[in-house]
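**Q** sharing a model prediction with you, sequence too.
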Amino acid sequence: MPSYALLVVCSAILMFPLYVTVVFSLHPLTEFLKEDAPSLWPSFWQWDNYFASGEGVSDTPVGRYLFNSFVVSAVITLAQLITATLSAYAFAFLKFPGRNVLFIVFLATMMVPLEVSIIPNFQTMQWLDAHFTEQAWLSWTQIRWIDGYPGLVAPFLATGFGTFLLRQYFMTIPRELLDAAEMDGYGHLRTLLYVVVPLGRGALATLAIFAFLQAWNQYLWPLLVTNDPNMRTVQIGIAAEAANISRINVAFAGTIMAFLPMLLLVVAFQRYLVRGLFGGSVKG
Amino acid sequence: MARVFFEGINKRFGDAYAVRDLTLEVQDEEFFVLLGPSGCGKTTALRIAAGLEEPSEGDIHIGDRLVTEVPAKDRDLAMVFQSYALYPHMSVYNNIAFGLRMRKHSKGEIDRLVRDAAATLGIDELLKRKPGQLSGGQRQRVALGRAIVRRPQVFLMDEPLSNLDSKMRVQMRAELIRLHRELGATFIYVTHDQVEAMTMGARVAVLNEGRLQQAGSPQEVYDRPENLFVAEFIGSPAMNLLDAEPVQVDGKAGVRAAGVDVTLPDALAKQLEASGASALVMGVRPEHLDLSVKEPAAAFKGKVDLVESLGSEQHVTVAIEGASVIARLAASEKIEHGTTFQLAVAPHHVQLFNASTKERIGP
């Protein structure tokens, strides 16, 4: 019973900022202009913050931001699934010289924080952007590395984490299944597609959710490589709105809208998240 | 023609030999058993034949083809794995059809072949199920179905019955023998279970520590083990092995073991003399120790230490001078723990081994 009470208290502490955001997103602007702190209970349910034309979130380019975030997250997720599956298969099942050293190098990349690589990555993007725009024969592609999707997704197409997660799972697939596929005449790519991927669906789902969440919640990188409001992701867009103090209630409403898709995703796939985190440590 | 020929096969993992100097010919349409304790290299030898492992040295021939460099899928053989290795996410039907899809069969043909194979094994009713919904015996049949559907020339089986309960194992043993007869293909069967080896194999190869110990018919291997390892490994209860030395018994060549002198038959005596061995091991099968002989020429005397009744027979352990022997006796004999009695040794059933080389002496 005491542990139950402790859990309730902890949950309340964790939920409090979310609660405040929800309440503030429904306040009229006057609530924020008072001498006292804004009330923690909505005095007036101002749904206009969300929907009213001319003054709600729907009036800001939030739709565009959400769309950008969705495209960026989807591309990153898909790319990570492909690259991680391929590299994890190699690390789990193929024998090649330097495999273990290379795998440790992969793992080491997980210890490098984004902030360390962000400047060189940005310089790379600038270089690419400059060179692609210079090339007349490429200009028709309209590929922009700064202020464009390629720059937003490029650094995150492959990760050590994804490779590690999938490799650990693939290693639990009985070796005899792969032998059987080999006897049945299946090469590596077909074995991967018809045997390993179907058996690794759970791990792939886990990776997909992690990748999507992480991509969706990115802040620093999109801030750096986008200047054009049209290319802003939702986190940057909302932050820009929040900077405008006269519309802080709308910014809170925008935060909720940026957060909702993730909430739905986590609720829907929660079991894969838990399974992924405990994968390998708990059998079954 | 699908004989399988292992020619001077060596397989090293690091410094350790899994298979050493293996030269072995499996005849066309033979049911051949590779027998040995775990870690003896039998599974590695099978995997080398399959193409799942590359030999460090040596060659594999299947039929008239040298296949050492040929990938597994092009060797025209099928393998049944110890764990069955069924694809858990596919139905039984798809498990069986999986290998055919890679071999450019039409859809109708695949369907016909799958249903034929399922009918042969009596699993027609299970085609829509997933492996997780099957019993051990049914899974075993599906694994066999997956192998037979491709009509390969050679079947490789890696302890396929070891995960079944004993009743199911006896039943599947009979089915495998029947299947072998029907298919007319070469079977190479790996097991550590000597009962399987004796009952199923036309020939048996005994392996230990990566080396071939002996190859021959089950009866040959049982009656005339070529070394101490085979003598001890084959037969249950195991052959009684006693330290012995050459002696003269009434002017004739003999051996003394556990204080008992045994006169040797002439042929064996000559071989013993020719070998010049001074330290010997004498072997007698438990069924060759006889209780009924009234005045035996040679007999072990001792106290009964343990009686294990199997219903049809009983295994009696008798403590004799400095050792103990096991006798296989009729269930009707009334034998009680602690009583003293004598077990006659028939000289023509005595086997001799050189204690230093561990090799068989004698014809």
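**A** Cool, got the structure.
**Q** tell me what the helix or strand containing residue A:6 is packed against?
**A** Assessed by DSSP states H and E, residue A:6 sits inside helix A:2-24. Judged by 3 or more Cβ pairs under 8 Å, 6 or more residues apart in numbering or on different chains; DSSP states H and E, the packing partners of helix A:2-24 are helix A:248-278. C-betas here are computed from N, CA, C, even on glycine.
**Q** so the helix it packs on versus helix A:2-24, what angle?
**A** Counting by axes from the mean of the first three to the mean of the last three Cα atoms, to 10 degrees, helix A:248-278 lies at 150 degrees to helix A:2-24.
**Q** show the average pLDDT along the helix or strand harbouring residue B:306.
**A** Element membership for residue B:306 (DSSP H and E) is strand B:299-309. The predicted model gives strand B:299-309 an average pLDDT of 90.
**Q** quick one: the closest residue to residue B:163 other than its chain neighbours from chain A, how far?
**A** Nearest in space to residue B:163, with sequence neighbours left out and distances taken as Cβ to Cβ, 6 or more residues apart in numbering or on different chains, is residue B:136 at 5.9 Å. Residue B:136 sits 16 Å away from chain A, going by Cβ to the nearest Cβ, to the nearest Å.
**Q** now do the strand holding residue B:306: distance to the chain's middle.
**A** Centroid displacement of strand B:299-309 relative to its chain, using Cα atoms, centre = their mean, to the nearest Å, is 29 Å.
**Q** following element in sequence after that strand, please.
**A** Downstream of strand B:299-309, the first helix or strand assigned by DSSP H and E is strand B:313-320.
**Q** what residues of that next one count as buried?
**A** Buried positions in strand B:313-320, judged by neighbour count with 16 or more other Cβ atoms under 10 Å in any protein chain shown: B:313, B:314, B:315, B:316, B:317, B:318, B:320.
**Q** of the residues you listed, which is the nearest to residue A:99?
**A** residue B:315 (52.4 Å; Cβ to Cβ).
**Q** distance-wise, check that closest one relative to residue B:18.
**A** Separation of residue B:315 from residue B:18 (Cβ to Cβ, to the nearest Å) stands at 35 Å.
**Q** next: residue B:225.
**A** Distance of residue B:225 to residue B:18, computed by Cβ to Cβ: 24 Å.
**Q** pLDDT of the host helix or strand of residue A:163, averaged?
**A** Assigned by DSSP H and E, residue A:163 falls within helix A:160-170. For helix A:160-170, the mean pLDDT works out to 93.
**Q** quick check: what element follows it along the chain?
**A** Reading on from helix A:160-170 to the C-terminus, the next helix or strand found by DSSP H and E is helix A:175-183.
**Q** what's that next one in contact with?
**A** Under the criterion Cβ atoms under 8 Å, 6 or more residues apart in numbering or on different chains, residues A:93, A:190-191, A:194-196, A:199, B:47, B:50-52, B:72-73, B:77-79, B:81-83, B:85, B:87, B:98-99, B:146 lie in contact with helix A:175-183.
**Q** next, the buried residues of it.
**A** So helix A:175-183, judged by 16+ other Cβ under 10 Å, has buried residues A:176, A:177, A:178, A:179, A:180, A:181, A:182, A:183.
**Q** do stretch A:193-200 as well
**A** Within stretch A:193-200, the residues scored as buried using 16+ other Cβ under 10 Å are A:194, A:195, A:196, A:197, A:199, A:200.
**Q** that stretch: end-to-end distance?
**A** 10 Å (Cα to Cα, to the nearest Å).
**Q** relative to the whole chain's centre, how far out is it?
**A** For stretch A:193-200, the distance to the chain centre is 24 Å (Cα atoms, centre = their mean).
**Q** that stretch close to chain B?
**A** Yes. Contact of stretch A:193-200 with chain B (Cβ under 8 Å from any Cβ of the partner chain) involves A:194, A:195, A:198, A:199.
**Q** excluding chain neighbours, what is closest to the last one?
**A** Take residue A:199 and drop its neighbours on the chain: the residue closest to it by Cβ to Cβ, 6+ apart is residue A:173, 5.6 Å away.
**Q** residue contacts, residue B:190?
**A** Residue B:190 neighbours (Cβ under 8 Å, 6+ apart): B:33, B:34, B:42, B:43, B:45, B:46, B:156, B:157, B:158, B:159.
**Q** what about 6 Å?
**A** By Cβ atoms under 6 Å, 6 or more residues apart in numbering or on different chains, the residues touching residue B:190 are B:34, B:42, B:43, B:46, B:158, B:159.
**Q** now do the same for it: helix, strand or coil?
**A** Under the three-state scheme (DSSP: H, G, I helix; E, B strand; the rest coil), residue B:190 adopts strand.
**Q** please apply the same query to residue B:352.
**A** Looking at residue B:352 with three-state DSSP, the answer is strand.
**Q** cool, residue B:162 as well?
**A** When classified by three-state DSSP, residue B:162 comes out as coil.
**Q** tell me, how many neighbours does residue A:39 end up with?
**A** 13 (other Cβ atoms under 10 Å in any protein chain shown).
**Q** hang on, the earlier thing: lowest-confidence one in the buried residues of strand B:313-320?
**A** Sorting the buried residues of strand B:313-320 by pLDDT puts residue B:320 at the bottom of the list (89).
**Q** could you check how far the residue nearest to that residue when sequence neighbours are not counted is from chain A?
**A** In this structure, residue B:320 finds its nearest non-sequential neighbour in residue B:302, 3.9 Å apart by Cβ to Cβ, 6+ apart. Distance, residue B:302 to chain A, by Cβ to the nearest Cβ: 49 Å.
**Q** residue contacts, residue B:302?
**A** Applying Cβ under 6 Å, 6+ apart to residue B:302 gives the contacts B:318, B:319, B:320.
**Q** how about residue B:92?
**A** Residue B:92 makes contact with B:126, B:127, B:129, B:142 under the criterion Cβ under 6 Å, 6+ apart.
**Q** neighbour-wise, which of those leads?
**A** The most neighbours of any of these, using other Cβ under 10 Å, belong to residue B:142, which has 26 neighbours.
**Q** what values do phi and psi take at the residue nearest to that residue when sequence neighbours are not counted?
**A** Among residues not flanking residue B:142 along the chain, residue B:92 sits closest, at 5.2 Å (Cβ to Cβ, 6+ apart). Main-chain dihedrals, residue B:92, degrees, to the nearest 10: phi -60, psi -40.
**Q** kindly report the same for residue A:157.
**A** Dihedral angles of residue A:157 (phi, psi; degrees, to the nearest 10) stand at phi -70, psi -20.
**Q** what is the burial count for it?
**A** Residues near residue A:157, counting by other Cβ under 10 Å, number 13.
**Q** closest to chain A out of the contacts of residue B:92?
**A** Relative to chain A, the closest of these is residue B:142; by Cβ to the nearest Cβ it sits at 11.6 Å.
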